[in-house]
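Chemist: Structure here, sequence nowhere to be found:
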C-alpha cells in the first residue's frame, strides 16, 4: 500500500484540493508574467471592472477600493499606459469617463476562457462523463462564498 492509501479520506481530499489549487495558481502566475508589476489592489480593480453589470466610473472605483479619487486616477493612468485599462467618454455626459478593460486584455481573457472550456471538455471526456462537474464546482463555489461571509 502506498502512502496515499494510508491517509484518511479527509487528508486525501485536502491533498487533491491543494493539487488543483496549485495548478490554478501556476496558470495564473504564468499569466501574470505579462503584468509583473500588478498588486493585489490592481487585480481587485480589474475583477471589479470585468464583473460589473454596468459601466464603471472613477468614483465607483474609488468607493470600491476605499481610496481617494486621486489614487484611482494614478492607478488607472498607469494601467492605461500598459494597455490594461481604457477610458471611454460617456455619450450622455462628456465630463464622465467610464473605465473599461483594454481590448487587448479582453482578447487575452477570452482566449483564457476558451482554454478553460476546452480543459473542462477534455476532463469530461477523460472521466467518461462520470461526474457532474457543474454540481461539484457549484457546491465548492457556494461553500467558499459562505466561508468568506462568516
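Modeler: Good, I have the coordinates. Here the structure is a predicted model, which is why all the values come from computation and not from measurement.
Chemist: so how far is residue 111 from the residue sitting nearest the centre point of the chain?
Modeler: For the chain, the residue sitting closest to the mean C-alpha position, by C-alpha atoms, centre = their mean, is residue 47 at 5.9 Å. Residue 47 sits 18 Å away from residue 111 when distances are taken as C-beta to C-beta, to the nearest Å. Yep, even glycine has a C-beta here, placed from its N, CA and C like the rest.
Chemist: Let me know the next secondary structure element after the helix-or-strand element of the chain with minimal mean pLDDT.
Modeler: Every helix and strand of the chain was ranked by mean pLDDT, DSSP states H and E. The lowest is helix 3-6, at a mean of 59. Per DSSP states H and E, the first helix or strand lying C-terminal to helix 3-6 is helix 9-32.
Chemist: Check which residues of that following helix are buried.
Modeler: When neighbours are counted by 16 or more other C-beta atoms under 10 Å, no buried residue of helix 9-32 is found.
Chemist: Tell me, how many residues neighbour the residue nearest to residue 98 when sequence neighbours are not counted?
Modeler: Spatial nearest neighbour of residue 98, chain neighbours left out: residue 55 (3.9 Å); criterion: C-beta to C-beta, 6 or more residues apart in numbering. Using other C-beta atoms under 10 Å, residue 55 has 14 neighbouring residues.
Chemist: Looks like residue 55 contacts residue 90 (just checking).
Modeler: Yes. Between residue 55 and residue 90 there is a contact at 7.5 Å, judged by C-beta atoms under 8 Å.
Chemist: shared neighbours of the two, anything?
Modeler: Residues touching both residue 55 and residue 90 by C-beta atoms under 8 Å, 6 or more residues apart in numbering: residue 98.
Chemist: Where do the helices of this protein begin and end?
Modeler: Using DSSP state H, the helices of the chain run over 3-6, 9-32, 40-51, 58-65, 69-81, 103-126, 133-148.
Chemist: Which among those is found nearest to residue 95?
Modeler: helix 58-65 (11.1 Å; C-beta to C-beta).
Chemist: Per the annotation, how does the chain divide into domains?
Modeler: Recorded structural domains for the chain (assignment: automatic domain parsing) are 30-101, 103-150.
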